[in-house]
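[1] kindly return the folded structure for what I paste below:
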Amino acid sequence: MKRNRFNHFNNKNILVTGGTGSFGSMFISEIVNEASPKKIIIFSRDEMKQWKMQEKYKKNEKLKFIIGDVRDGDKVDSVFKSFKIDYVIHAAATKIVPTAELNPEECIKTNIFGAINIIRSSIANGVKKVVALSTDKASSPINLYGASKLCSDKLFCSQINNTTKTIFSVVRYGNVLGSRGSVIPFFLSLKNKAYLPITHKDMTRFFLTLNDAVDFVSFAFKKMNGGEIYVKKLNSINILELAKIISPKSKIKIIGIREGEKIHEQMIGKDDSEFTVEFKNHYEILPSLKIKDQKIRAGGKKVDKNFYYGSDNTGIIDQSYLKKEIENIKTRQTF
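    Sure, this is the predicted structure:
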């Protein structure tokens, strides 16, 4: 029996940018199994990933695959016009921190100008709701990836002040366990090497599963009023401890912090505390441009002044749970 958590996607045309990435792949798998959308349009620039996904779902006529880049405004707009999009999940991004530092113009083109193209086409074509995926690195950023995503967040949230029927919100979370390019697959690939490289012995990171990420985005679609940043409550882990769990016999080598890297990540900085509301399982950062007109939803309460939510002041991930998830990652990927 299908659960009700995705019923709001029924009879909708859904566009997923970056749809062949880790999040997009999991989202599409869940929606195909548990909802009845009209169409799901997978828009991405990786033809090999698209081909593999097409092979997996070749009997499903509701899925449409489009090769394209969010940086190409004309292509983006043609997709919106062709499929009469109802909902957009904007997951396309340049997200690897060192890559963004070394290729700043390419990062800006994708993460900022790509966001602008999605916003313009959504408004012009009467899209109902848009959720943009963000990152903990967008809170008080020190690297270009984080700064570009903060700019993207501002672009989406500021649309609350425009006379448009399209509702825009942002979902912010931390590292997804096992996602492409993340630390766990990296450590697993080095398990039989002489050592595991650690940038700093005190470094901590937020983590969540892909299923948790999909559920949280779905939750945002149900609750969004427009202009909010939804921030999931997450636990964190020390990266040195993570390395020891993955490969307890490996030696550890401290190699120093990389370009644009923080020792601890944060989801909500003190400067956002004035606009932040706490709920049981998440926070909402209300749009600062319209703070006087915002009503706090039932179940929420304002956080204290100078509130800070970082990977160094939250709960610790249970190790037995983490070990189980690492085993699941091993079965899904080849290293």
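[2] okay, helices next: where are they in the chain?
    In the chain, the helices defined using DSSP state H lie at 22-34, 47-56, 73-83, 97-102, 104-108, 114-124, 144-157, 183-189, 210-223, 239-246, 319-332.
[3] quick check: mean pLDDT across the shortest one?
    In other words, helix 104-108. In this model, helix 104-108 has a mean pLDDT of 97.
[4] alpha carbons of that helix, as CSV, please.
    What follows is helix 104-108 as a C-alpha-only set of coordinates in CSV (Å, rounded to 0.1, in the frame of the first residue of the first chain):
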residue,chain,number,x,y,z
PRO,A,104,35.2,30.4,-10.2
GLU,A,105,33.5,31.6,-13.4
GLU,A,106,32.0,28.2,-14.1
CYS,A,107,30.7,27.9,-10.6
ILE,A,108,29.0,31.3,-10.8
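[5] buried ones in that helix?
    Neighbour-count burial for helix 104-108 flags 107-108 (criterion: 16 or more other C-beta atoms under 10 Å). (Each C-beta comes from the backbone N, C-alpha and C, glycine too.)
[6] just to revisit the earlier point, the helices of the chain: lowest mean pLDDT?
    Averaging pLDDT over each of the helices of the chain puts helix 319-332 lowest, since it has a mean of 83.
[7] and it, what's buried?
    322, 325-326, 329-330.
[8] go through the residues you listed and say which is closest to V171.
    Nearest to V171 among these is E325, at 20.6 Å by C-beta to C-beta.
[9] so N10 makes contact with K62?
    No: using C-beta atoms under 8 Å, N10 is not in contact with K62; the gap is 11.5 Å.
[10] between those two, which contacts overlap?
    By C-beta atoms under 8 Å, 6 or more residues apart in numbering, N10 and K62 have these common neighbours: P37.
[11] of these two, who's got more company?
    Shown here are N10 and K62; by other C-beta atoms under 10 Å, K62 has more neighbours (15 against 11).
[12] just to check, that one is in contact with I41?
    No: between K62 and I41 there is no contact under C-beta under 8 Å: 9.8 Å.
[13] and the buried residues of helix 319-332, which is closest to V214?
    For the buried residues of helix 319-332, the nearest to V214 is E325 (15.0 Å; C-beta to C-beta).
[14] so what's the residue count around the residue lying closest to that closest one once chain neighbours are set aside?
    Leaving aside its chain neighbours, E325 sits nearest to L177 (5.2 Å; criterion: C-beta to C-beta, 6 or more residues apart in numbering). For L177, the tally of surrounding residues (other C-beta under 10 Å) stands at 23.
[15] so what's L177 up against?
    184, 207-210, 325-326, 329 are the contacts of L177 under C-beta under 8 Å, 6+ apart.
[16] for it, grab phi and psi.
    L177 has phi and psi values of phi -60, psi 120 when expressed as degrees, to the nearest 10.
[17] what segments of the stretch 151-300 of the chain are strands?
    167-173, 175-176, 195-198, 204-208, 229-232, 236-238, 251-254, 266-268, 276-278, 282-285 (DSSP state E, counting those that start in this stretch).
[18] including mean pLDDT, could the ones you listed go into CSV?
    Formatted as CSV, the strands of the stretch 151-300 of the chain follow (pLDDT from 0 to 100):
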stretch, mean pLDDT
strand 167-173, 97
strand 175-176, 89
strand 195-198, 92
strand 204-208, 94
strand 229-232, 97
strand 236-238, 95
strand 251-254, 94
strand 266-268, 97
strand 276-278, 96
strand 282-285, 97
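[19] would a markdown table of those with mean neighbour count be doable?
    What follows is those, written out as a markdown table (neighbours: other C-beta atoms under 10 Å):
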| stretch | mean neighbour count |
| --- | --- |
| strand 167-173 | 25 |
| strand 175-176 | 21 |
| strand 195-198 | 17 |
| strand 204-208 | 22 |
| strand 229-232 | 24 |
| strand 236-238 | 21 |
| strand 251-254 | 11 |
| strand 266-268 | 25 |
| strand 276-278 | 20 |
| strand 282-285 | 22 |
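[20] save the ones you listed as JSON lines, and put in distance to D304 too.
    Listed next are these as JSON lines, based on distance: least, C-beta to C-beta, whole Å:
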{"stretch": "strand 167-173", "distance to D304": "20"}
{"stretch": "strand 175-176", "distance to D304": "27"}
{"stretch": "strand 195-198", "distance to D304": "34"}
{"stretch": "strand 204-208", "distance to D304": "21"}
{"stretch": "strand 229-232", "distance to D304": "16"}
{"stretch": "strand 236-238", "distance to D304": "21"}
{"stretch": "strand 251-254", "distance to D304": "36"}
{"stretch": "strand 266-268", "distance to D304": "12"}
{"stretch": "strand 276-278", "distance to D304": "9"}
{"stretch": "strand 282-285", "distance to D304": "12"}
